[in-house]
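K.L.:
Show me the folded form of this:
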Amino acid sequence: MRSAKSFFDAGVFWKTVRRFWPVWGIYGFIWFLALPLWLIGRFDRYGINIVNDILGTVELTAHFLCPVAACAAAMAAFSHLYNERSANFYAALPVRREGMFVSCAAAGLLPLIAVNALIALISLAAGLAAGYNPGAALAGWFAAVSLECLAYFGIAALCALVTGNIVIMPLLFIAVNFAAYALASMAIDAQRLFFFGYSSIPSASYDILSPVVAMIDNVSLDRSAGSYLLPWRLGGWGWLLGYGALGALLLPLALLCYRRRNMESAGDAVAIAPLRPVVKALCSLLAAFIFGSLLYGILLAGHVSGLALALLYILCMAAGAFIGWFGAEMLVDKSFKVFKPRGFLGWALVSLLCAAFVLGCEFDVTGYERRVPDLEDVVRLDLYCEGQELSFGDSADIGQAREIHEQILASRQEYKDADADSGRTYVRFEYKLRGGGELHRAYTIPQGDTGALVALDRLMNRSDVIQHRKNAPDHIDAAAVEYAYIQYRGVGLDSEDAESYVELSPAEAAGLYNDCILPDMRDGNIGIIWFNAFDEYADNVYDCEIYIDMTGTDPTRSFSIVPTVFSVRTNEWLSSHGIEPLTCAETGAARYNG
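P.N.:
You can find the predicted model right below:
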């Protein structure tokens, strides 16, 4: 009679669990300190919110502890693959490979889940003993932490099967979790060198391929409720469930690798032969960006530009690709005799890919630099300039700002060739498009420009725009004023008592604002920004600041402004109260521009 196939061997399972108990023990001890013991120390404190404290450990502890523990558990469970004698011994056991894999994987993953359950029970008992009922919060904690363990263990198990070297395994695990994010970040930095106006849009697209980064960025407490005493909820369950499912799906893939793997590959950096060229290419590409950026920063930064920069940057990347390719070749082949024609062909292909990327950016093959969205496609435009932030929704305003964008593009070669040491004005455009898309661009405009800066001056110093960017209310009630003051210089900077400080009563502050500042602002005579001429700015701006705080009634509202020689009403009020400020040119100081 044929015997039934077994997919689990209890002996292998329990031997692995007992042999590597320190891994689960250290994991449990850290969680014991981080959750139940920490909660016990807080029970006697006033105003504790146990739900927030429990769920807070997911973002404070689990995001860092779970990947380390899962990697260590996978290394322990599959450690027999990294030594030739152990690999041959396990291969000789009367256990099918499927049964061996399931037994080892279970011995790595289930103790982590069991520790999570034990910690949750201890915390529940401690909470109940102190008069709290943290059951729901602990259930959420257990689910979140166990999903992270499953996700990272699935990744770690696959890494453990891909390599036959115990030193390479954690390095491979780190690479899988961070390489995509690192490559994307370095590619963004490279594009910033060659694309005029490049501004990256925050995106989770490359986070997806870097699980640790994605978990940290997206799985956290939702603090929108405000006060710590109000219950917060754990956000990012879609990410947890998605990565948990990924971890579960990677285990069958790891099983497939286990079935096909040669036991003689113990000690090899890459145990799966078809993956060796892929590993070499990825190492070469990563090294190309790392060493390209490094050599550029050391040798070229600020010295060259344009096509010369692109060609020299390609050489730097090719040098990095050379190091990465042949370094990986030495590691994979376990030999220093790697400089063969096939190896040079692989390096050349990676170098050509890098060259295509850099030249594509330099010559704007995709039209990135020239792209300005059509007016009818723009829902909102956010404009950031010299510390000022504006949001336009009206099509006329968007059209005026869009014209400035087009003027900048028309002068882009002049801006690129301008002296890098000359003063520059930073401008960023953020278009929100129909359909949910976005387009971001950022520029530095050199001083002396007579096109875009003049148009920007007209837009930013429009009376309605001044009131908008200064966040100026239409009226201030004296009852709303928390405190107010005027700080100014009335004598030269060399004087010991150069700066004076005058406190205003709520009634004085409200009167000054409503009767003087607001009318001057509506006439476009105060709150002005100078983009081009510092001398003109210094001659026309007083070394004086008026500050009104209304946080007692509105936590988001405070107002400050600097008077100018044109703000007649405001200046008359100051003079009538014995305040005679000097201009910035007279004191040699620089007040906030605008």
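K.L.:
tell me which residues in stretch 102-110 are buried?
P.N.:
Across stretch 102-110, burial judged by 16 or more other CB atoms under 10 Å covers Val102, Ser103, Cys104, Ala105, Ala106, Ala107, Gly108, Leu109. Quick note: C-beta positions are derived from backbone N, CA and C, even for glycine.
K.L.:
next one: stretch 351-363
P.N.:
Ser351, Cys354, Ala355, Phe357, Val358, Leu359, Gly360, Cys361, Glu362.
K.L.:
Out of the residues you listed, flag the one nearest to Asn514.
P.N.:
Closest approach to Asn514 among those (CB to CB): Cys361, at 53.2 Å.
K.L.:
Do you know the pLDDT at the closest residue to the closest one other than its chain neighbours?
P.N.:
Leaving aside its sequence neighbours, Cys361 sits nearest to Phe194 (CB to CB, 6 or more residues apart in numbering; 3.7 Å). As predicted, Phe194 sits at a pLDDT of 87.
K.L.:
which stretches of the stretch 201-350 of the chain have low pLDDT?
P.N.:
201-206, 224-231, 264, 300-302 (pLDDT under 70).
K.L.:
Strands of that one, start to end?
P.N.:
In the stretch 201-350 of the chain, the strands defined using DSSP state E, counting those that start in this stretch lie at 220-222, 233-235.
K.L.:
so how far is the helix or strand harbouring Gly399 off the chain centroid?
P.N.:
Under the criterion of DSSP states H and E, Gly399 resides in helix 395-410. Remark: helix 395-410 is offset 29 Å from the chain centroid, using CA atoms, centre = their mean, to the nearest Å.
K.L.:
So what touches it?
P.N.:
With contacts defined as CB atoms under 8 Å, 6 or more residues apart in numbering, helix 395-410 is touched by 197, 369-370, 372-373, 375, 378, 380-381, 383, 392, 415, 427, 429, 441, 443, 445, 451-452, 455-456, 459.
K.L.:
can you pull the buried residues of that helix?
P.N.:
For helix 395-410, by 16+ other CB under 10 Å, it's Asp397, Ile398, Gln400, Ala401, Arg402, Ile404, His405, Gln407, Ile408, Leu409.
K.L.:
and if you look at stretch 262-270?
P.N.:
Met263, Ser265, Ala266, Gly267, Asp268, Ala269, Val270.
K.L.:
any idea which of the strands of the stretch 201-350 of the chain is most buried?
P.N.:
Ranked by mean neighbour count under mean count of other CB atoms under 10 Å, these are led by strand 233-235, which reaches a mean of 18.
K.L.:
roughly how far is it from the heart of the chain?
P.N.:
20 Å.
K.L.:
Given that strand, what are its sheet partners and their directions?
P.N.:
Strand 233-235 has the following strand partners under DSSP bridges: strand 220-222 (antiparallel).
K.L.:
now the strand it pairs with, how far from the centre of its chain.
P.N.:
With CA atoms, centre = their mean, you get 16 Å for strand 220-222.
K.L.:
Contacts for that strand, please.
P.N.:
Residues contacting strand 220-222 (CB under 8 Å, 6+ apart): Asn52, Leu55, Gly56, Val58, Glu59, Trp232, Arg233, Leu234, Gly235, Gly236.
K.L.:
In helices only, show me the residues you listed.
P.N.:
Mapping those onto helices (DSSP state H) picks out Asn52, Leu55, Gly56.
K.L.:
so how many other residues sit close to the second one?
P.N.:
To tie it back to what came earlier, the one meant is Leu55. 25 (other CB atoms under 10 Å).
K.L.:
If I follow the layout properly, it ends up in contact with Trp232?
P.N.:
Yes. Proximity of Leu55 to Trp232 meets the contact threshold set by CB atoms under 8 Å, at 6.8 Å.
K.L.:
follow-up on the earlier one: could I get the strands of the stretch 201-350 of the chain in JSON lines, plus columns for distance to Asp189?
P.N.:
Formatted as JSON lines, those follow (distance: least, CB to CB, whole Å):
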{"stretch": "strand 220-222", "distance to Asp189": "26"}
{"stretch": "strand 233-235", "distance to Asp189": "30"}
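K.L.:
Phe357 reaches Ala190, doesn't it?
P.N.:
Yes. The pair formed by Phe357 and Ala190 meets the contact definition of CB under 8 Å, at 7.5 Å.
K.L.:
hang on, the earlier thing: can the buried residues of stretch 262-270 go into CSV with extra columns for distance to Phe339?
P.N.:
Shown next, in CSV, are the buried residues of stretch 262-270 (distance: CB to CB, whole Å):
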residue, distance to Phe339
Met263, 31
Ser265, 24
Ala266, 27
Gly267, 23
Asp268, 21
Ala269, 18
Val270, 19
